[in-house]
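Chemist: need a structure here:
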Amino acid sequence: MDTKDLHSFGFSENEAKIYLALLASGPLQAGGLSKKTQINRRTTYDTLERMLEKGVISFTLAAERRVFKAIAPKIIFTKIREIEKKAQQIVPELEKLYAQHPKDQEIHIYQGRKGIRAILNQILDVKEYVGFGSNERFPEIMGHDFLQFQKKKAQLKIKSKTLMSTAMRGNPLIHPAKTEFRYLPKQISHPTSTFIYGDIVAIMMWSDIPIAITIESKELAETYTQYFKTLWKTAHK
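Modeler: The predicted structure follows:
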């Protein structure tokens, strides 16, 4: 079993190694665990103390030496389920406290295709969005990611509207896009792509290494949405 499988359950790398070693070998002293896991002795002792505090191991005394034993996995995961149940009970109260104070604008900067991919995944969590700008560079730079985004968008039945220059009308690069297009005069063109989804405005700059800025602000998203609606009314199908 990979130690990483235990990380999401609160085990550090060393804790995971020790816990798995105890499950596989049975009770061991600290020295034996240090050899088996290749963790130095001092770190092994420190890690064992933390694990005792967490309640994932126990020990007995044999010849005045501590022999450590792993707690049964089902007991640990029962505790985790109890914590999750308790969390579900208190989260609504915490959300009420959080909602009492208005959030400041949150601004994030993303770079490269992985960064743009993260934004596209955010968009896939909404029911609809709008966008405008230079979408020719979007499929050109994102390639397979662009096609996958359009495929998932269709599967999730996400609605979208896109404004772009008439120069893009009929361009084969945008054919896979699952969106409703309208076109603006050539002189009204943008070197970037802007997407508005939920309370977020994402502005993407399509350089060879793309850069994007997302701004989470209800007021800004509403302003951009109204701007989009005004342009949509004047645009041609």
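Chemist: what stretches of this protein score poorly on pLDDT?
Modeler: 98, 101-104, 134-136, 186-191 (pLDDT under 70).
Chemist: tell me how it divides into domains.
Modeler: 3-70, 106-234 (automatic domain parsing).
Chemist: can you lay out those domains as JSON lines showing mean neighbour count and distance to residue 82?
Modeler: C-betas here are computed from N, CA, C, even on glycine. JSON lines is the format used below for those (neighbours: other CB atoms under 10 Å; distance: least, CB to CB, whole Å):
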{"stretch": "domain 3-70", "mean neighbour count": "16", "distance to residue 82": "12"}
{"stretch": "domain 106-234", "mean neighbour count": "16", "distance to residue 82": "29"}
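Chemist: for residue 90, which of those is the nearest?
Modeler: domain 3-70 (18.3 Å; CB to CB).
Chemist: for that closest one, measure first residue to last.
Modeler: Taking CA to CA, to the nearest Å, domain 3-70 runs 15 Å from one end to the other.
Chemist: follow-up on the earlier one: mind putting the domains of the chain in CSV, distance to residue 93 included?
Modeler: CSV is the format used below for the domains of the chain (distance: least, CB to CB, whole Å):
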stretch, distance to residue 93
domain 3-70, 23
domain 106-234, 23
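Chemist: the strands in this protein, which residues?
Modeler: Ranges of strands within the chain are 28-29, 57-62, 65-70, 106-111, 128-133, 159-165, 180-184, 192-197, 200-205, 211-216, based on DSSP state E.
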